[in-house]
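>>> Sharing a model that was predicted from the sequence below.
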Amino acid sequence: MAERAKGNFHQGLSEFIRDANPAGLGALFQPGFDVAIAAIYRNGFYRNCREALVSTYGGVHHWLGDERFAALARGYIDQFPPERGTLTGYGANFPDWLHSQLDPSQGWLTDMARLDWTWLACLHGPDDTALTPRAIQSLAPSEELGNRPIGLLGNAQLIEVDNIVLVSWSEYKTGESNREAWPAIEDGAAQAVLMWRPKMEVYLRELSTSEWLFLKELNRQQNLSAASALVLRKVPDFDLAGLFAQLLENGVLMLNEETK
């Protein structure tokens, strides 16, 4: 009986929130309860979910504006209501859902959403300690660097997006974007991007094809020698030493002792 009552409670609340149908509220409240009070909860639910999506997908919201974004957010919330008691991390599949909702001429907003989500994932990723040249010098002579468990910071993110979308998103993040001037995107070239956060600020680096290949392999293998061998087989003249020095200087790498 208790399980049934619990099921009726959630079903009645869900139907009311989504459809404003008060028929199922009898399982929630005592007879004579003022439905207008429940409406306040319903409106607050949508508002909080929408504000969470605006906060996460600021670039998309910037280009679409309040009205258009609110309409899309309502559809997303109806289809994918929060499954937890917190809105932290809500909207993970919004980019894929958005792609199915947009006119083809606005399909580039999917990449904008992916950049928004990637930036947030980097910002809220783990606070790892970056590997430094001094730390490398402190390793015992017998410890060969190439075989140490070296990888990207746990908060580092790799993503490929349209290069013109990347420019537009970067302009938005720096406050230099004009929302009235929509980006003229006509099948721009794919651009690989690395985001990382060594301390309190998210950094972005555009990657060449070789750098993208190396970092993806390093992230997968957590092994410098294995990642180096792969990229050098495909790009023999790749300046691996130069890239490694830059990654150390920028605080992108970490020594992951847990993989040993």
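On my side now, so go ahead.

>>> Of all residues in this protein, which one is nearest the centre?
Residue closest to the average C-alpha location in the chain (CA atoms, centre = their mean): W117, at 2.4 Å.

>>> residue contacts, it?
Counting by CB atoms under 8 Å, 6 or more residues apart in numbering, W117 makes contact with T56, Y57, G91, A92, F94, P95. The C-beta positions use only the backbone N, C-alpha and C, and glycine is treated the same way.

>>> my read is the fourth one is in a helix, agree?
The one in question is A92. No. A92 is assigned coil when assessed by DSSP: H, G, I helix; E, B strand; the rest coil, not a helix.

>>> what's the burial count for it?
When neighbours are counted by other CB atoms under 10 Å, A92 registers 12.

>>> how near is it to L207?
24 Å (CB to CB, to the nearest Å).

>>> Contacts only, for D116.
Contacts for D116 (CB under 8 Å, 6+ apart) come out as T56, Y57, G58, G59, V60, W169.

>>> I'd like those residues as TSV, with neighbour count, secondary structure and distance to L240 appended.
Below are the contacts of D116 laid out as TSV (neighbours: other CB atoms under 10 Å; DSSP: H, G, I helix; E, B strand; the rest coil; distance: CB to CB, whole Å):
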residue	neighbour count	secondary structure	distance to L240
T56	23	helix	36
Y57	27	coil	37
G58	17	helix	36
G59	25	helix	34
V60	28	helix	37
W169	29	helix	30
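
>>> From those, pick the one nearest C49.
If you rank these by distance to C49 using CB to CB, T56 comes first, at 10.9 Å.

>>> List the residues that contact the closest one.
Neighbouring residues of T56 by CB under 8 Å, 6+ apart: Y90, G91, F94, D116, W117, L120.

>>> among the residues you listed, which two are most distant?
Longest span within the contacts of T56, CB to CB: Y90 and D116, 13.1 Å.

>>> Are there helices or strands packed against the helix or strand where E160 lies, and which ones?
Assessed by DSSP states H and E, E160 sits inside strand 157-162. With contacts taken as 3 or more CB pairs under 8 Å, 6 or more residues apart in numbering; DSSP states H and E, strand 157-162 sits against helix 109-123, strand 190-196, helix 209-221.

>>> R205 pairs with what?
Beta bridges link R205 to L194 when assigned by DSSP bridges.

>>> so how far is A71 from it?
For R205, the distance to A71 - CB to CB - is 35 Å.

>>> With R114 instead?
Counting by CB to CB - R114 and A71 are separated by 21 Å.

>>> Just give me the neighbour total for K234.
Neighbour tally, K234, other CB under 10 Å: 11.

>>> Could you tell me the phi and psi values at it?
In terms of degrees, to the nearest 10, the main-chain angles of K234 are phi -90, psi -30.

>>> wait, isn't it in contact with F214?
No. Using CB atoms under 8 Å, K234 makes no contact with F214, being 9.7 Å away.

>>> sorry, back to before: quick one, which of R205 and A71 is more surrounded?
Legend: neighbour count by other CB under 10 Å for R205 and A71, higher for R205 (15 against 12).

>>> you'd agree that one is up against V193?
Yes. Judged on CB under 8 Å, R205 makes contact with V193 at a distance of 7.2 Å.
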